[in-house]
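Chemist: Below is the sequence, then the predicted model.
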Amino acid sequence: MHDEKRTTSFGLWRFAKDYLDAALAVQQPPESIQDSLKQQVSSPAYFLVGRSIELALKAFLRAKGVSVYKLRSKLYRRQARHKREN
């Protein structure tokens, strides 16, 4: 099956929700703003939330007609923020 038909905005949104649900299973959100200042976010939860945001954005863009090919291009990919040390 062709990627343009197989990769739908709803499918991407569903994956985004699954990643967010996984993040909440790893670490529950704080109950208040004061608690959020004391609580540290675990690395796995942070990764899962970030991936969820990325997929939700791609779902939005896909719904607006951006092609799968363009979503895979360098323009829409995450950029590594760390430099490789020699």
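Modeler: That came through, no problem.

Chemist: immediately after the helix or strand containing Leu37, which helix or strand?
Modeler: When secondary structure is defined by DSSP states H and E, Leu37 falls within helix 33-38. Under the assignment DSSP H and E, the closest C-terminal helix or strand after helix 33-38 is helix 43-63.

Chemist: The helix or strand that comes right after that next one: which residues count as buried?
Modeler: Beyond helix 43-63 in the direction of the C-terminus, DSSP H and E gives the next helix or strand as helix 68-71. Taking 16 or more other Cβ atoms under 10 Å as the neighbour-count basis, helix 68-71 is seen to contain the buried residues Val68, Leu71. Where C-beta positions appear, they are placed from N, C-alpha and C, glycine not excepted.

Chemist: and what of stretch 15-23?
Modeler: Neighbour-count burial for stretch 15-23 flags Phe15, Ala16, Tyr19, Leu20, Ala22, Ala23 (criterion: 16+ other Cβ under 10 Å).

Chemist: Spit out the contact partners of Ala59.
Modeler: By Cβ atoms under 8 Å, 6 or more residues apart in numbering, Ala59 lies in contact with Ser9, Phe10, Gly11, Leu12, Trp13, Ala16.

Chemist: Quick check: Arg51 vs Ala23, distance?
Modeler: In this structure, Arg51 lies at 9 Å from Ala23, with Cβ to Cβ, to the nearest Å as the measure.

Chemist: May I have the secondary structure class of Pro29?
Modeler: Using DSSP: H, G, I helix; E, B strand; the rest coil, the three-state assignment for Pro29 comes out as coil.
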